[in-house]
Every structure is written in C-alpha cells, then in structure tokens.
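Chemist: Pasted the sequence and its predicted model underneath.
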Amino acid sequence: MINKIQLITYVDRLGNGKISDLNAMLSNEFRGLFGGVHILPFFYPIDGADAGFDPIDHTHIDDRLGEWSDIQNLTENVEVMSDLIVNHISAKSEKFTDFIEKGNSSEFADLILTKDKVFSADATKEQISKIYRPRPGSPFTDFQLNDGSEVAVWTTFTSNQIDIDVNSAMGQAYLENILDTFQKANITMIRLDAAGYAIKKPGTSCFMIEETYDFIGELTQKAKSRGIKVLVEIHSFYKTQIEIAKRVDYVYDFALPVLVLDCLFNRKASNLIKWLLVAPRNVITVLDTHDGIGIVDVASENGIPGLIADEDLDEIVEKIHNNSKGTSRKATGAAASNLDLYQVNCTYFDALGQDEHAYLVARAIQYFVPGIPQVYYVGLMAGENDMKLLSETNVGRDINRHYYSKQEIDNHIKTDAFTSHQKLMQFRNTHDAFSGEFEALETAAKNLSIKWTNESSWALLDLNLEDMTLDISYSGANGESTSLF
C-alpha cells in the first residue's frame, strides 16, 4: 500500500453523489491529499437498514452511484479499498427470500445460518448467554416460512442482516465470487467487515474465537492470491488487535482515537507512548470512522488492565459529551436505535469542543504515529454533529454521517482551518522521513515528541501539552532545519 493518507467516504454523502464526481474531486479540490480511498459500501442498495452494510447484491453497484467502469477509472488515480461484508446479507436478498419461500428445499438453504446449525434443540440459557453481540438482545430472529413454520435465524446485528454460514461450500463460494468481482475492477485492498462474528461455536462467545483467526487467515490467503490485500476491522481488547495483526496485512489502530483524546484532555502522553511501544506497525490509523469512537479498544477486559484506567476512561467519555454540549449523549447507547455497546457516537471535531487548534494537533499526532493514516470524510470537513439527520433517522451513527453538498465542500476548503490541515496532509504525503524509522523521544512529562528519520531526512513533532504549542520541524531540500507552521 502507498504510504500516503487515505480518504474513507460514502460516495453519496460527499458532493454530487457519483463515483465519477468523487474521482474529479480527488483530482481537483483534494489534489495531493490522498494516495487511496476507501469507499464505504456502494453496493445495491446504499440506503438499506445499515447504510449499505446490508447488501441485497454485493456484486452490483447501486445505479445511483455509477457502475464498475467508474471504479476502474478511479483506480487509475488512487488505490481503492472496498468492504467485503463477511458476516451477513440482506433479509431482502433473493437468497433469503427464496429460503423463506422454500425452507430447506431452497437452493440457498446451506448459505443461511440458522440457530439449529450451531446449537442443538436442548441448548442451555447459559450457552446462549455467552454469545457476544454488539447490541442488546438476542442474536436470533424468528422468521415464518411460507409453509407456516418458524425458524430461528442468526442476526448478529439487526433483523435485516442475515448471518451466513461461512463454513458451508455455498458460503465460501459466495465470498469468493465477491473477491473475483473486486479483482476484475482492480480493487487492491478489502476491509473485512464484521469478520470477528463470522464463526459460531457452542459454549463460546462466538466472537474472535480461535476458529475465527483461522477463518480470517484462510480468507486473507484467498484475497492475496488475487492480488488483494486485507484490512481486518475488529473492535476489541488491545491484545486481540496485536494478535490478529500477526495474521493479516493490516488492522486498524482503534486505540489511537481515545488515546489522543486522553493526551489532549489530561495533558499527558504516557498512555499514548506506552501503546506506541507495543502497537502493531501494520496498521491503518484513524481518529474517526463511519462508526463511533471506540471505547472497548482501550478498556480493561476480564480484570486485565486496558490502555487507559477504566475510571479515567469514564471521565474521557463524559468530557466528550460535555464538549459536544450534550449532543453526543443523544446519539449514544439507549438514546438511539442502534445500541452500540462499545462506542460514543460523535464527530471528532465536536469531541474536541470544536477547537480548531486542538483538532489540528490531533491530526498531526495521527500523521506522525506509525501506520497508514486514514481520514473520514466528516473529519476532512471538520464536521459538527448532525442533529437534524439524527432526529430524522434515530440512528445514533448518523450524527457523524452528514450529507455534504458541493457548496458546503467549496465553502470549507476556503477556510484557514482547512488550509492548515491541507498543508499538514501534503507534508505527510511527500516528506521522505515517513518512510524511515519511528522514534518516540524521551521528554519532559508534559511533552510529546515523535521523530522520523530516513538517512539524512528527518521530521520532528514536538508538542508542549501545558500550553498546546505545536512545533513541526523537518529537514529541508538542502538539509537545513525548517518549520512547517
């Protein structure tokens, strides 16, 4: 993967809503800012129950966005990443509706994961209670077949997202067909969405069990045989991230967003530095994504300390709510219909109290830590919480999924805040030092210093946490020391 910043975006929520328009913006308004783009689900339909993460047809582009030739054109300018939604299909898909009509006589019966494929009829409440689900309630939904009988189907996320049996021959063929489609379109990287939930086994949590690691490893090899690299999305205890990183091309550094907030809120870098010393290096770094700000990624688990003490973590969450003037509280937990157990739904700009300097500092830290930086489209716009969209949908994550008109984009790129961010991004993409060696320097307790060195090239971030003074210096063309700002 190119060692440059990536954009992560929905096509229909940034500008005119076409893949061709996104391609044009990357060549014009956002020229030089991104070496790659992760396009969030662009499959049919983009407006299902979970913003495209419940595809009716995973190999068909929603006609409102464009067609596969538009993706191929985009790949000529930037690397393109796509989601492979591993765990489920839409309840409205032909495959599931055929199953509802014909039951076990359906040609797709082997694909649909029913409760009885995992648990016997005498499964105990204790066994069921061990299942980890990211939302409250049962992981099963009862559906009535056309013959009047009922069947309990695995629905880990919502009743419109039907879990598939990835161990069946049909499940494997389903996933490989998607990989073949991506290969033809010149997509060079995929994100395995919801892969941690794909393997179910009685007596376990059915989340990131040993067999899950094996499944992810096997699917990764199938992708790599097609020239496609793999990013795995797992919100989990930090040691799980370290372990899964050994088996795939890339994982997310989901710990970073809260560690940066800890650094800026509490004016200390100790937790962040401790993480950087042990963190995987094959990571995609983020501050914000289409989901919320992950809490489980830094929290303790089963009495084992996390990256931030739980009591401090509670204070950070409360600070986010206060900084957002309570708007994030209306989108998180029981306040919204998608009850995320491990996330705070809030834009990163609002989490920082709309402080433009603090936001630039946060991005500078992201761009200096090891990994390939990824910037969410709302973060690129320094977006505020979208309370209007939240009120319309009552989906907590929609607070951070604003639909930006072309006029809003044009207005934002004229601001001083964007100009500073743009300068920082271009620096991260072009300076030789970031292809070298990383070092977190020993400094005073209230300082954070990060340095990159590549032979005679170097770049240094020095942040005074007491007064939030940021200095970025680097080696110039003739070896002289130069300041970015």
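Modeler: Arrived safely. The shown structure was predicted, so the numbers you read here are calculated from the model rather than taken from an experiment.

Chemist: Quick one: low-confidence residue ranges for this protein.
Modeler: 334-341, 442, 444 (pLDDT under 70).

Chemist: give me every residue that touches the residue nearest the centre of it.
Modeler: Nearest to the mean C-alpha position of the chain, by Cα atoms, centre = their mean, lies T289 at 5.0 Å. When contacts are counted by Cβ atoms under 8 Å, 6 or more residues apart in numbering, T289 touches I8, Q374, Y376. The C-beta positions use only the backbone N, C-alpha and C, and glycine is treated the same way.

Chemist: most surrounded residue in these?
Modeler: Counting neighbours by other Cβ atoms under 10 Å, the top entry in the contacts of T289 is Q374, with 26 neighbours.

Chemist: My understanding was that P45 contacts H60; is that so?
Modeler: No - P45 is beyond contact range of H60, at 9.5 Å (criterion: Cβ atoms under 8 Å).

Chemist: Compare these two (neighbour count), which wins?
Modeler: P45 (18 against 15).

Chemist: Can you pull the phi/psi pair for that one?
Modeler: phi -100, psi 160 (degrees, to the nearest 10).

Chemist: what's downstream of the one helix or strand L231 maps to, the next helix or strand?
Modeler: Per DSSP states H and E, L231 falls inside strand 229-232. The helix or strand immediately downstream of strand 229-232 is helix 238-245, counting by DSSP H and E.

Chemist: Contacts for that next one, please.
Modeler: Contacts for helix 238-245 (Cβ under 8 Å, 6+ apart): 208, 213, 216, 232, 234, 251-255, 275, 278-280, 282-283, 297-298, 304, 306-307.

Chemist: Which of the residues you listed are buried? Put it as a ChimeraX command.
Modeler: To isolate the buried members of these in ChimeraX, using 16 or more other Cβ atoms under 10 Å:
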select :208,213,216,232,234,251,252,253,254,255,275,279,280,283,297,298,306,307
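
Chemist: Take the contacts of helix 238-245 and keep only those in strands.
Modeler: Those of the contacts of helix 238-245 mapping onto strands are V232, V251, Y252, D253, V283, per DSSP state E.

Chemist: which pair in the residues you listed spans the largest distance?
Modeler: The span of those, defined through Cβ to Cβ, is set by V232 and D253 at 12.2 Å.

Chemist: Between those two, which contacts overlap?
Modeler: With Cβ under 8 Å, 6+ apart, V232 and D253 have no common neighbours.

Chemist: Could you name the residue of this protein that is farthest from its center?
Modeler: D147 (40.8 Å).

Chemist: Now do the same contact list for that one.
Modeler: G103.

Chemist: What strands flank the strand holding L231, and is each parallel or antiparallel?
Modeler: strand 189-193 (parallel), strand 250-253 (parallel) (DSSP bridges).

Chemist: Need the CA coordinates for the first one. PDB is fine.
Modeler: Same thing as strand 189-193. Written as PDB, here are the backbone C-alpha positions of strand 189-193 (Å, rounded to 0.1, in the frame of the first residue of the first chain):
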ATOM      1  CA  MET A 189      -7.500  -3.800  -0.900                       C
ATOM      2  CA  ILE A 190     -10.500  -5.000   1.100                       C
ATOM      3  CA  ARG A 191     -11.700  -4.400   4.600                       C
ATOM      4  CA  LEU A 192     -13.300  -7.500   6.200                       C
ATOM      5  CA  ASP A 193     -16.400  -6.100   7.800                       C
END
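
Chemist: Buried residues in it, which are they?
Modeler: For strand 189-193, the neighbour count (16+ other Cβ under 10 Å) marks M189, I190, R191, L192, D193 as buried.

Chemist: Run through the residues that contact the third one.
Modeler: Yep, that's R191 we're talking about. Contacts of R191 by Cβ under 8 Å, 6+ apart are H38, M81, S82, D83, L84, V230, L231, V232, E233.

Chemist: from those, which is closest to I472?
Modeler: H38 (26.1 Å).

Chemist: So what sits opposite the closest one in the bridge?
Modeler: For H38, the beta-bridge partners under DSSP bridges are I8, M81.

Chemist: So it sits against Q6, correct?
Modeler: Yes - using Cβ under 8 Å, H38 makes contact with Q6 at a distance of 5.9 Å.

Chemist: okay if I get the contacts of T289 as JSON lines plus distance to V344?
Modeler: What follows is the contacts of T289, written out as JSON lines (distance: Cβ to Cβ, whole Å):
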{"residue": "I8", "distance to V344": "18"}
{"residue": "Q374", "distance to V344": "19"}
{"residue": "Y376", "distance to V344": "15"}
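
Chemist: for those residues, which one is nearest I316?
Modeler: Nearest to I316 among these, with distances taken as Cβ to Cβ, is Y376, at 19.7 Å.

Chemist: Skipping its backbone neighbours, what lies nearest the closest one in space?
Modeler: D288 (4.4 Å; Cβ to Cβ, 6 or more residues apart in numbering).

Chemist: likewise T97?
Modeler: Leaving aside its sequence neighbours, T97 sits nearest to A91 (Cβ to Cβ, 6+ apart; 8.0 Å).

Chemist: and if you look at Q343?
Modeler: That would be G292: by Cβ to Cβ, 6+ apart, it lies 2.9 Å from Q343.

Chemist: Now for the one you found: which residues touch it?
Modeler: T332, D340, Q343, V344, N345, C346, G396, R397, N400.

Chemist: okay if I get these as CSV plus distance to V118?
Modeler: Shown next, in CSV, are these (distance: Cβ to Cβ, whole Å):
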residue, distance to V118
T332, 31
D340, 24
Q343, 27
V344, 32
N345, 31
C346, 36
G396, 29
R397, 28
N400, 34
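
Chemist: As a markdown table, the residues you listed with secondary structure, distance to A121 and neighbour count would be great.
Modeler: Shown next, in a markdown table, are those (DSSP: H, G, I helix; E, B strand; the rest coil; distance: Cβ to Cβ, whole Å; neighbours: other Cβ atoms under 10 Å):
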| residue | secondary structure | distance to A121 | neighbour count |
| --- | --- | --- | --- |
| T332 | coil | 38 | 25 |
| D340 | coil | 32 | 21 |
| Q343 | strand | 36 | 23 |
| V344 | strand | 40 | 24 |
| N345 | coil | 39 | 29 |
| C346 | coil | 44 | 27 |
| G396 | helix | 36 | 26 |
| R397 | helix | 37 | 22 |
| N400 | helix | 43 | 30 |
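
Chemist: didn't T158 look like it was pressed against G48?
Modeler: No - when contacts are counted by Cβ under 8 Å, T158 is not listed as touching G48 (9.7 Å).

Chemist: joint contacts of the two?
Modeler: Contacts common to T158 and G48, judged by Cβ under 8 Å, 6+ apart, are D54.

Chemist: picking that back up, and the gap between the residue farthest from the centre of the chain and K184?
Modeler: 40 Å (Cβ to Cβ, to the nearest Å).

Chemist: Just the CA coordinates for stretch 126-135, please, in PDB.
Modeler: Only the C-alpha atoms of stretch 126-135 are listed here, as PDB (Å, rounded to 0.1, in the frame of the first residue of the first chain):
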ATOM      1  CA  GLU A 126     -26.000 -20.400  29.800                       C
ATOM      2  CA  GLN A 127     -24.700 -21.300  26.300                       C
ATOM      3  CA  ILE A 128     -26.800 -18.600  24.700                       C
ATOM      4  CA  SER A 129     -25.900 -16.000  27.200                       C
ATOM      5  CA  LYS A 130     -22.200 -16.400  26.400                       C
ATOM      6  CA  ILE A 131     -22.700 -15.100  22.800                       C
ATOM      7  CA  TYR A 132     -21.200 -11.700  22.400                       C
ATOM      8  CA  ARG A 133     -23.300  -9.300  20.500                       C
ATOM      9  CA  PRO A 134     -22.500  -5.600  19.900                       C
ATOM     10  CA  ARG A 135     -26.100  -4.600  20.700                       C
END
